[in-house]
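A.B. asks: My questions concern the predicted model and sequence given below.
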Amino acid sequence: MNIVCLDMEGVLVPEIWIAFAEETGIPELKLTTRDEPDYDKLMNYRIKILKEHNLGLKEIQEVNSKIDLMPGAKEFLDELRTITQVIILSDTFEQFAAPLMKKLDWPTIFCNSLEVAENGEITGFKMRCPKSKLTTVKALQSCGFETIASGDSFNDLGMIQASKAGFLFKSTEAIKRDYPDIPAFEEYDELLDAIKKAL
């Protein structure tokens, strides 16, 4: 049995933190896993910036509710789900993902959770497990699934390389250059065709 594991941000929806940075005018929050491979370091940096600007979960959720899916994302996911099982593996947080999952008709997502104080301040975060995308792919494989994975960032490389087929999607030129052995696509039709051939 096959199961497709997709990243969320940059693949199906725009980067949440970039949208929030643009809305608030705080350029420091534009850093993503495309720029910083160390996720703990990145999140602690983000939490520090939010605290400095007195911003919390409520403000981020307000911006999230306005984020549109990437053009063609829902149609791509709808068609993919008719031919195979799909799980979204994301380093985002349950508190961020819900409005976006609603727009995608509630696909299965495995993600993390934020620690939030009563006043809405984000005080920390709880990762579901270490190297969550790679760990999840290996766990699925141990259950008898063959995995096919696609993502755009440094934190997707583990699951892509551990899968029977893996693809970069809308990635950076630097990542594509550093990993020339991973097929890279820019359009959903191309990615869908590649996944179908790998099934």
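C.D. replies: Sure thing, it's come through. Numbering: from 1, shown residues only.

A.B. asks: who touches stretch 90-110?
C.D. replies: 7-9, 12-13, 16, 33, 39, 57, 60-61, 64-65, 67-69, 73-74, 77-78, 81, 86-89, 111-114, 116, 125, 127-128, 132-133, 136, 155 (C-beta atoms under 8 Å, 6 or more residues apart in numbering). Backbone N, C-alpha and C define where each C-beta goes, glycine included.

A.B. asks: Actually, stretch 140-155.
C.D. replies: Looking at what lies outside stretch 140-155 - C-beta under 8 Å, 6+ apart - the contacts are 1-7, 10-11, 32-34, 36-37, 39, 87, 89, 91, 133, 137, 156-157, 159-160, 162-172, 175, 191, 195, 198-199.

A.B. asks: Next, the buried residues of that stretch.
C.D. replies: Within stretch 140-155, the residues scored as buried using 16 or more other C-beta atoms under 10 Å are Leu140, Phe145, Thr147, Ile148, Ala149, Ser150, Gly151, Asp152, Ser153, Phe154, Asn155.

A.B. asks: which ones among those residues are found in helices?
C.D. replies: Leu140 (DSSP state H).

A.B. asks: Taking the buried residues of stretch 140-155 together, which two end up most distant?
C.D. replies: Pairwise distances across those peak at 24.1 Å for Phe145 and Phe154 (criterion: C-beta to C-beta).

A.B. asks: can you put the buried residues of stretch 140-155 in TSV and add pLDDT and distance to Glu187?
C.D. replies: Shown next, in TSV, are the buried residues of stretch 140-155 (pLDDT from 0 to 100; distance: C-beta to C-beta, whole Å):
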residue	pLDDT	distance to Glu187
Leu140	98	27
Phe145	97	27
Thr147	98	22
Ile148	98	17
Ala149	98	18
Ser150	98	13
Gly151	97	16
Asp152	95	14
Ser153	92	19
Phe154	90	22
Asn155	91	23
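
A.B. asks: The buried residues of stretch 140-155 in strands, which ones?
C.D. replies: Thr147, Ile148, Ala149, Ser150, Gly151 (DSSP state E).

A.B. asks: from the residues you listed, which single one is nearest Glu22?
C.D. replies: Among those, and counting by C-beta to C-beta, the member closest to Glu22 is Gly151, at 22.3 Å.
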